[in-house]
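>>> Structural data only, the sequence is not supplied:
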């Protein structure tokens with residue numbers, strides 16, 4: 001039994017040969033043709049909702065690039081957002097690739113030295129007091145004395161800003177600009193050495209592709225600082241960035257940082273040149289989400305086919321994302337383990353209540369207490385359950401559902417179903433909830 005799907009082990013060199021569950025290779029090929037045809041630096045944005053499979057797609061796409069000997073970096077922004085300075089993390093990734101690639105040692109050394117120069121400028125402008133403030137949370141989050149010391153340092157730093165200090169900073173402005181320009185030149189030269197040496201004569205060498213993933217999961221300040229870093233330091237010939245994110249969520253980061261009144265989309269537009277949307281299959285065929293339900297049912301060993309079909313109906317109607325699907329699938333797997341009442345005729349009700357538990361805990365509490373009407377129990381389910389999907393066990397649909405909804409029934413049918421169901425009619429919803437609650441997932445509402 002699995003409570004969550006196993007992460008696919010994607011071979012970094014395999015491309016779309018494996019795990020292309022949603023048939024996105026053709027889109028990946030178009031994206032490859034685009035980045036290889038670019039004659040200038042560019043920042044592309046790959047947009048898709050949270051939990052749509054963006055990371056799996058880009059890792060497979062990166063494999064296709066490596067097959068073509070295209071240099072590529074996968075930068076997990078969320079894994080790096082503990083750092084105060086995204087420049088260090090990003091420059092470090094480039095340096096690691098160059099060392100693995102055994103690039104021109106002179107150019108690698110030059111890039112390292114120029115990156116160090118940028119770091120010195122960034123550190124100088126940050127100031128010792130700001131560095132202390134940035135690291136406060138990692139030093140001693142329980143001591144108020146640290147904050148008092150930081151405030152003193154900041155006040156002292158402000159007092160030091162005499163005319164002489166300000167003039168020195170003005171004098172260093174040109175020097176700082178030269179430092180930044182030197183870094184960009186070094187990056188441009190290094191990107192050339194990363195390209196395959198066997199490129200055809202007269203044919204442009206492929207650019208260095210930097211995929212920045214999980215941008216929408218970062219702290220808002222880190223995400224925006226990372227965008228600024230890309231724009232100001234890495235925008236050079238021979239380098240193409242792909243930002244992998246949910247644009248709507250990234251807009252919320254802008255609003256968090258600058259206030260709800262800002263034109264968040266307008267602010268973000270200056271950071272990328274082209275937006276691409278991760279495709280889904282046409283509605284005339286089974287959707288990606290429904291395919292994913294079947295994949296999870298097999299990989300997580302959900303035994304009940306009616307439960308799988310009920311979840312597919314819900315996913316299809318409610319347009320649920322992959323992360324929500326995983327959550328509901330985990331609930332169904334746990335239900336199978338804990339349930340005594342396993343009537344497959346009730347699969348749609350079980351799925352609806354599981355969805356309700358996640359999204360409407362107050363209403364779910366009424367179901368737990370036996371105070372929820374049968375119609376209300378399907379509030380978070382599908383609007384219309386096809387009767388053909390219900391008749392799987394030999395009992396007539398009308399008899400099963402008339403029993404559950406307390407409709408009038410012949411005495412012999414009622415006696416037979418009381419014995420078969422094992423639960424009084426007025427206790428069925430509470431019994432289902434008890435089975436759903438047999439085990440609690442970490443973020444279940446109390």
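Perfect, thanks for sending it. Just so you know, these numbers come straight off a predicted model, no measurement behind them.

>>> contacts, neighbours, all on C-alpha from now
Noted.

>>> Please enumerate the strands of the protein.
42-47, 72-76, 208-213, 239-245, 274-277 (DSSP state E).

>>> can you give me how far stretch 270-280 is from the chain middle?
Centroid separation for stretch 270-280 versus its chain: 16 Å, with Cα atoms, centre = their mean, to the nearest Å.

>>> can you pull out the helices in the stretch 251-400 of the chain?
With DSSP state H, counting those that start in this stretch as the criterion, the stretch 251-400 of the chain has helices at 264-269, 288-299, 305-318, 322-338, 347-359, 361-368, 374-377, 397-404.

>>> Dump the strands of the chain into TSV; add distance to residue 370, mean pLDDT and mean neighbour count as well.
Converted to TSV, the strands of the chain look like this (distance: least, Cα to Cα, whole Å; pLDDT from 0 to 100; neighbours: other Cα atoms under 10 Å):
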stretch	distance to residue 370	mean pLDDT	mean neighbour count
strand 42-47	43	94	21
strand 72-76	47	95	18
strand 208-213	45	95	23
strand 239-245	42	95	23
strand 274-277	45	92	13
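
>>> Dump those strands to JSON lines, plus distance to residue 290.
JSON lines is the format used below for those (distance: least, Cα to Cα, whole Å):
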{"stretch": "strand 42-47", "distance to residue 290": "21"}
{"stretch": "strand 72-76", "distance to residue 290": "28"}
{"stretch": "strand 208-213", "distance to residue 290": "25"}
{"stretch": "strand 239-245", "distance to residue 290": "23"}
{"stretch": "strand 274-277", "distance to residue 290": "20"}
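
>>> Nearest to residue 360, out of those strands?
Smallest distance to residue 360 across the strands of the chain (Cα to Cα): 27.6 Å, for strand 239-245.

>>> What strands line up against the closest one, and which way round?
With DSSP bridges as the test, strand 239-245 is paired with strand 42-47 (parallel), strand 208-213 (parallel).

>>> hang on, residue 334 packs against residue 350?
No: with contacts counted by Cα atoms under 8 Å, residue 334 stays clear of residue 350, the gap being 11.8 Å.

>>> got any residues that touch both of those two?
Contact with both residue 334 and residue 350 is made by residues residue 436, according to Cα atoms under 8 Å, 6 or more residues apart in numbering.

>>> And the two? Which one has more around it.
residue 350 (28 against 22; other Cα atoms under 10 Å).

>>> In contact with the more buried one, which residues are there?
Counting by Cα under 8 Å, 6+ apart, residue 350 has contacts 432, 436.

>>> what's the distance between it and residue 233?
Here residue 350 is placed at a distance of 53 Å from residue 233 (Cα to Cα, to the nearest Å).

>>> Also residue 191?
On the measure of Cα to Cα, residue 191 and residue 233 end up 14 Å apart.

>>> Between these two, which is the more surrounded one?
Remark: of residue 191 and residue 233, residue 191 carries more neighbours, 24 against 17, as counted by other Cα under 10 Å.

>>> Relative to residue 71, how far out is the more buried one?
Separation of residue 191 from residue 71 (Cα to Cα): 8 Å.

>>> shared neighbours, these two?
Common contacts of residue 191 and residue 71 (Cα under 8 Å, 6+ apart): 207, 208.

>>> need the helices for the stretch 1-150 of the chain, in chain order.
Using DSSP H, counting those that start in this stretch, helices in the stretch 1-150 of the chain cover 25-37, 54-67, 77-80, 86-101, 105-134, 136-139, 144-159.

>>> lowest confidence element among the helices and strands of this protein?
Sorting the helices and strands of the chain by mean pLDDT, DSSP states H and E puts helix 136-139 at the bottom, at a mean of 36.

>>> rewinding a little: least reliable of the helices of the stretch 1-150 of the chain going by mean pLDDT?
With a mean of 36, helix 136-139 has the lowest mean pLDDT of these.

>>> Quick one: work out the angle between the longest helix along the chain and strand 72-76.
Of all the elements of type helix in the chain, the one with the most residues (DSSP state H) is helix 163-194. Put simply, helix 163-194 runs at 130 degrees to strand 72-76, going by axes from the mean of the first three to the mean of the last three Cα atoms, to 10 degrees.

>>> pLDDT on helix 163-194, on average?
Computed over helix 163-194, the mean pLDDT rounds to 82.

>>> returning to what we had before: redo the strands paired with strand 239-245 as TSV? Include distance to residue 67.
Putting those into TSV (distance: least, Cα to Cα, whole Å) gives the following:
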stretch	distance to residue 67
strand 42-47	21
strand 208-213	14
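
>>> Out of these, flag the one nearest residue 79.
Judged by Cα to Cα, the one of the strands paired with strand 239-245 that comes nearest to residue 79 is strand 208-213, at 9.6 Å.

>>> rewinding a little: please work out which of the helices of the stretch 251-400 of the chain is packed deepest.
Mean neighbour count (mean count of other Cα atoms under 10 Å) peaks for helix 347-359 among those, with a mean of 23.
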